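S.K.: Sequence plus the predicted model coming up.
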Amino acid sequence: MEHEQLSLRERKQRRTRETIIATALALFAERGFDRVTVDEIAAGAEVGRTTFFRYFVDKQELLFADDDELMEALTYAVEPAAAQHAPIGDALETAIGVTRIGLLAMTRVIGRRGSAWLRTRQQLVLANPALTARSLVKEQQYAHAAVQILTSHGASRDTAVLATGIAAACYQTAQAITADRPGDLSNAVNQAFKRVTTLDRRRLLRATS
């Protein structure tokens, strides 16, 4: 449906963008991120250097091409979920439930790329300190957006920050255990949240007192 709503020009732009991304990832997987130049990516995608920079500010952004869509998915999922429970106050379980909805919306976007793409991307990010740093900045931006939405719907700041931190931990856990099968990411995220939300607080408090 979304595809049908795009104009011919927009569809061509999308195809060009996806061709650049696919070409770059293939070259990165073959030679390593640092050994591939923008000119080589542009040549492989059969576009000019100027066209490349019309779509991406640098070659690092090729591995974070879905950033805007991820932020949009997070916002569109968390906003109504938080509004439904407003004012959230100090209700940590509610805040965690809201962040779970947002994170699952993001994993659906992530999953569209396919397992091979996700696996290669993750390997490249972990192998390159600059890419790892940029990935962390992106994750902080998502977390900040979630905290802002939660607090705008009455969550106390510490509750919003803690719930968002738990969501981030659930994602990192899911990502680690599905490194060889990234197609299972959404299910792994769900399982991580389930383990957190079924903790016996009394036993946990006794263990830490």
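M.R.: That came in fine, so what should we check first?

S.K.: make it CA atoms for all contacts and neighbour counts henceforth
M.R.: Will do.

S.K.: Which residue is the nearest non-sequential neighbour of residue 131?
M.R.: residue 125 (5.0 Å; Cα to Cα, 6 or more residues apart in numbering).

S.K.: Low-confidence ranges, the protein, go.
M.R.: 1-4, 199-209 (pLDDT under 70).

S.K.: so where do the helices sit in it?
M.R.: Listed in chain order, the helices of the chain (DSSP state H) span 2-5, 8-31, 38-45, 49-55, 67-84, 92-111, 115-127, 129-152, 157-177, 185-197, 201-208.

S.K.: per-domain residue ranges of the protein.
M.R.: 2-59, 66-198 (automatic domain parsing).

S.K.: okay, these, which one's buried deepest?
M.R.: Compared across the domains of the chain, domain 66-198 shows the largest average neighbour count, a mean of 18 (mean count of other Cα atoms under 10 Å).

S.K.: circling back: using CSV, lay out the helices of the chain together with distance to residue 61.
M.R.: As requested, the helices of the chain are arranged in CSV below (distance: least, Cα to Cα, whole Å):
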stretch, distance to residue 61
helix 2-5, 24
helix 8-31, 10
helix 38-45, 12
helix 49-55, 9
helix 67-84, 9
helix 92-111, 15
helix 115-127, 11
helix 129-152, 9
helix 157-177, 20
helix 185-197, 22
helix 201-208, 42
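
S.K.: just to revisit the earlier point, contact partners for the residue nearest to residue 131?
M.R.: 131, 132, 135 (Cα atoms under 8 Å, 6 or more residues apart in numbering).

S.K.: how close does the last one sit to residue 44?
M.R.: In this structure, residue 135 lies at 25 Å from residue 44, with Cα to Cα, to the nearest Å as the measure.

S.K.: What of the first one?
M.R.: As for residue 131, its distance to residue 44 is 22 Å (criterion: Cα to Cα).

S.K.: Repeat that for residue 8.
M.R.: From residue 8 to residue 44 the distance is 23 Å (Cα to Cα).

S.K.: Could you do residue 159 as well?
M.R.: Look at residue 159 and residue 44: by Cα to Cα, they are 48 Å apart.

S.K.: same question, residue 170
M.R.: 38 Å.

S.K.: Likewise for residue 143?
M.R.: Applying Cα to Cα to residue 143 and residue 44 gives a distance of 36 Å.

S.K.: Residue 22 too?
M.R.: Taking Cα to Cα, one finds residue 22 at 10 Å from residue 44.

S.K.: and what of residue 119?
M.R.: From residue 119 to residue 44 the distance is 22 Å (Cα to Cα).

S.K.: go on, residue 80?
M.R.: 43 Å.

S.K.: Just the CA atoms of stretch 50-61, as CSV, please.
M.R.: Listed in CSV are the C-alpha atoms of stretch 50-61, where the atom choice follows Å, rounded to 0.1, in the frame of the first residue of the first chain:
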residue,chain,number,x,y,z
THR,A,50,27.2,13.9,-6.0
THR,A,51,24.3,11.5,-6.1
PHE,A,52,25.8,9.4,-3.3
PHE,A,53,26.1,12.5,-1.1
ARG,A,54,22.5,13.5,-1.9
TYR,A,55,21.4,10.4,0.0
PHE,A,56,24.1,10.0,2.7
VAL,A,57,26.4,12.4,4.5
ASP,A,58,29.2,9.8,4.7
LYS,A,59,29.8,6.1,4.2
GLN,A,60,29.2,5.4,7.9
GLU,A,61,25.5,6.4,7.6
